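Peer 1: sharing a sequence plus its predicted fold:
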Amino acid sequence: MTKIAIVRWCRRFAAGSALVASCACSLLFPAATPHPAFYSLDSARGIEPTESLAAAAPTLTVSPPLAAAGFDSTRIIYVREAHKLEYFAHSEWVDPPARMLAPLLVAALERSGAFRAVILTPSAAGSDLRLDTEIIRLQHEFGTQPSRVRFTLRAYLIDDKTRRVLARREFEAVVPASSEDPYGGVVAANQTVQTVLQDLSAFCAEAALRAGMKR
């Protein structure tokens, strides 16, 4: 074997060894998977508390909110095409939106001052009124620039003694996202929830008043 051939063989051997070592390292230390980020709906700010509660004000129970198909999990939904729901791979809600919404509903209605007590069911306590709600959609929409978040909530106010529906309404808020990523959508989602809660509190107070349940 000539000197040149020996040099070529050594180079090939070195390259082969490096390739084998690289593959072994890949097997022993696979590429790190990004950790998921978890976000919450937690803002009921902006609803000014009302301290003066009349003794004759009605009591209100709040049923656990329901959610339409596709919006009943911890996945953060986004939309690029009509009728197609997608979700972020590495960003999630800490809890399904309907479960996060329940305590926010109670807090907002308590702050309205329109009710003597606001109780989240299940509870053994009786009440004058019951509020049933359903999340129709909570989605980050990328069909516009900037993108935006849409939150739609359907609500029924029911006389808890006669089971009669006193009022129903569908609330919707749309807020532009501050950035084109999951966090920008989460910030906007909290703003939409805050807006809907304010409108819902006013709606419940007016419906109770119209039904003769004075504060």
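Peer 2: Great, that's in hand.
Peer 1: who touches stretch 119-127?
Peer 2: 58-64, 102-103, 105-106, 117, 130, 160 (CB atoms under 8 Å, 6 or more residues apart in numbering). Glycine gets a C-beta too; all of them are placed from N, C-alpha and C.
Peer 1: ok, so of those, who is nearest Phe38?
Peer 2: The closest of those to Phe38 turns out to be Pro103 (CB to CB; 17.3 Å).
Peer 1: which among the contacts of stretch 119-127 count as buried?
Peer 2: Pro58, Thr59, Leu60, Thr61, Val62, Ser63, Ala102, Leu105, Val106, Arg130, Asp160 (16 or more other CB atoms under 10 Å).
Peer 1: before we move on, the earlier item: which one of the contacts of stretch 119-127 is nearest Thr192?
Peer 2: Distances from Thr192 to the contacts of stretch 119-127, taken by CB to CB, are shortest for Leu105, at 14.2 Å.
Peer 1: identify the residues contacting the closest one.
Peer 2: Val62, Pro65, Leu120, Leu131, Thr133, Leu197, Leu200.
Peer 1: next, count neighbours for the second one.
Peer 2: Think Pro65. For Pro65, the count of nearby residues is 22 (other CB atoms under 10 Å).
Peer 1: measure it to Ala56 for me?
Peer 2: 28 Å (CB to CB, to the nearest Å).
Peer 1: centroid residue for this structure?
Peer 2: Pro97 (3.8 Å; CA atoms, centre = their mean).
Peer 1: nearest residue to that residue other than its sequence neighbours?
Peer 2: Leu138 (5.2 Å; CB to CB, 6 or more residues apart in numbering).
Peer 1: show me what contacts the one you found?
Peer 2: Phe71, Ile77, Pro97, Val149, Arg150, Phe151, Thr152, Ala189, Thr192.
Peer 1: try it again at 7 Å.
Peer 2: Going by CB atoms under 7 Å, 6 or more residues apart in numbering, Leu138 touches Phe71, Ile77, Pro97, Phe151, Ala189.
Peer 1: just Ser178 next, same as before
Peer 2: Taking CB under 7 Å, 6+ apart as the definition, contacts of Ser178 comprise Gly184, Val187, Ala188.
Peer 1: where's Gly185, which helix or strand?
Peer 2: Using DSSP states H and E, Gly185 sits in helix 182-210.
Peer 1: my error: substitute Leu138 in the last question.
Peer 2: Per DSSP H and E: strand 129-141 holds Leu138.
Peer 1: distance between that strand and the chain's centre?
Peer 2: The chain centre lies 10 Å from the centre of strand 129-141; the measure is CA atoms, centre = their mean, to the nearest Å.
Peer 1: now swap in stretch 95-112 and tell me
Peer 2: On CA atoms, centre = their mean, the centre of stretch 95-112 falls 11 Å from that of its chain.
Peer 1: buried stuff in that stretch?
Peer 2: Applying 16+ other CB under 10 Å to stretch 95-112 flags 96-102, 104-112 as buried.
Peer 1: farthest pair within those residues?
Peer 2: Taking CB to CB as the measure, those span a maximum distance of 25.1 Å, between Pro96 and Ser112.
Peer 1: give me the mean pLDDT for the strand holding Leu138.
Peer 2: For strand 129-141, the mean per-residue pLDDT is 97.
Peer 1: tell me what the very next helix or strand once past it is packed against?
Peer 2: Note on strand 129-141: by DSSP H and E, the next helix or strand toward the C-terminus is strand 148-159. Applying 3 or more CB pairs under 7 Å, 6 or more residues apart in numbering; DSSP states H and E, we find strand 148-159 packed against strand 129-141, strand 165-176, helix 182-210.
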